[in-house]
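Asks: this is a predicted model, with the sequence first.
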Amino acid sequence: MKKKHDSQYVKRTQRNYSYAFKMQVVREVEIGRPGLNAAQRKYGIQGNATVKSWLLKYGSLDWESKSNLILEKSSEQKLLELEAKVRLLEKQKASLKKKLEETDKKVIIFDMMIDIAEEELKYRSEKSPYLNSYSIQD
């Protein structure tokens, strides 16, 4: 069996990179892990100047004068970041809504099971007021 090398090299053949991918690489390079060339090797980025151009375009550090001054983000950058956050929040909302519906269904089933058990055993338990409703809320 072939062993993996210690380096986390990812061979990439595409030349168009997503905005999210670019931002991930830029963030990693700006915090210093990995460096410019190491990021290029790690992610299999083809051009020698590709990562640097992303840093100039999307980064928050002043790479042209090589100082650690934080630059103001352009309105285009802010808009793209906000759109990405909105998409992420919409996905999270949909996921949470689905989990809520599943939980509501479980509550209904458990409440019905308690009712059946009480009828069979001729026993009346103290129910939580939250379990008396059989409707799922939106």
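Replies: Received, thanks.

Asks: okay, and the residue positioned nearest the centre of the chain sits in which element?
Replies: Nearest residue to the geometric centre of the chain (Cα atoms, centre = their mean): residue 88, 6.4 Å. Assigned by DSSP states H and E, residue 88 belongs to helix 75-121.

Asks: which helices and strands does that helix pack with?
Replies: Judged by 3 or more Cβ pairs under 8 Å, 6 or more residues apart in numbering; DSSP states H and E, the packing partners of helix 75-121 are helix 19-30. For the C-beta atoms, the positions are set from N, CA and C on the backbone; glycine is no exception.

Asks: mind exporting the helix it packs on as CSV, just the C-alpha atoms?
Replies: This file holds the C-alpha atoms of helix 19-30, laid out as CSV (Å, rounded to 0.1, in the frame of the first residue of the first chain):
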residue,chain,number,x,y,z
TYR,A,19,-14.0,33.1,-4.2
ALA,A,20,-14.3,31.1,-1.0
PHE,A,21,-11.2,29.1,-1.9
LYS,A,22,-9.2,32.3,-2.6
MET,A,23,-10.3,33.8,0.7
GLN,A,24,-9.3,30.7,2.6
VAL,A,25,-5.8,30.8,1.1
VAL,A,26,-5.5,34.5,1.7
ARG,A,27,-6.6,34.2,5.3
GLU,A,28,-4.1,31.4,5.9
VAL,A,29,-1.2,33.3,4.3
GLU,A,30,-2.0,36.5,6.2
